[in-house]
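A.B. asks: Quick check, what structure comes out for this input:
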Amino acid sequence: MLAEVDGFGDYNLIFSKLKLDNFLIEVDELEQYENEEVTILGRLVYKKELHGTRYIAYDVYRDFLGLNRALRKEIKPSEDENFKNIELEENFVELEIIGMYY
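C.D. replies: The predicted model follows:
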C-alpha cells in the first residue's frame, strides 16, 4: 500500500506491506474507498530519506515468490510488466498497519 499524506513534514509518502489474511473485506472492495478519508493505526517500522537515490519497496522475487538471496542473484531482471518491482524515489515512512478505519 502506498499513500500520500499532507502535513507530515518531509515524509509525505507512507509505505506498508499488507497481509491479506487480516482483511475483514475482500480486496476488490478496497477500490470503493480510493477517494475516501481513511484513519490508519500503525507502528513506525522505518523512516528513509533517499537524497536522489531509489529504494526497492517491493521486490517481486523476494516478497512475492519468496526466493532467497542466492537464487535472486542468479535470475536476470525481467522486463515483463508482471514482474516489475515497486521503487520509491521520495522520502518515505514504512508502517506496520494495525488497523484501517473508513
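A.B. asks: Please identify the helix or strand for residue 42.
C.D. replies: strand 39-48 (DSSP states H and E).
A.B. asks: Next SSE downstream of that strand?
C.D. replies: According to DSSP H and E, the helix or strand after strand 39-48 is strand 55-58.
A.B. asks: So what are the sheet partners of that following strand and their directions?
C.D. replies: strand 86-88 (antiparallel) (DSSP bridges).
A.B. asks: Double-check residue 55 against residue 46; I have them as touching.
C.D. replies: No. Counting by Cβ atoms under 8 Å, residue 46 is not a contact partner of residue 55; they are 9.7 Å apart. Heads up, the C-betas are built off the backbone N, CA and C, glycines and all.
A.B. asks: Between these two, which is the more surrounded one?
C.D. replies: residue 55 (16 against 11; other Cβ atoms under 10 Å).
A.B. asks: I'd like to know how far that one sits from residue 23.
C.D. replies: Residue 55 is 26 Å from residue 23, where distance means Cβ to Cβ, to the nearest Å.
A.B. asks: Neighbours of residue 17, how many?
C.D. replies: Neighbour tally, residue 17, other Cβ under 10 Å: 13.
A.B. asks: for residue 93, same thing?
C.D. replies: 21.
A.B. asks: my guess is it meets residue 44, correct?
C.D. replies: Yes. Using Cβ under 8 Å, residue 93 makes contact with residue 44 at a distance of 6.4 Å.
A.B. asks: Thanks a lot, catch you later.
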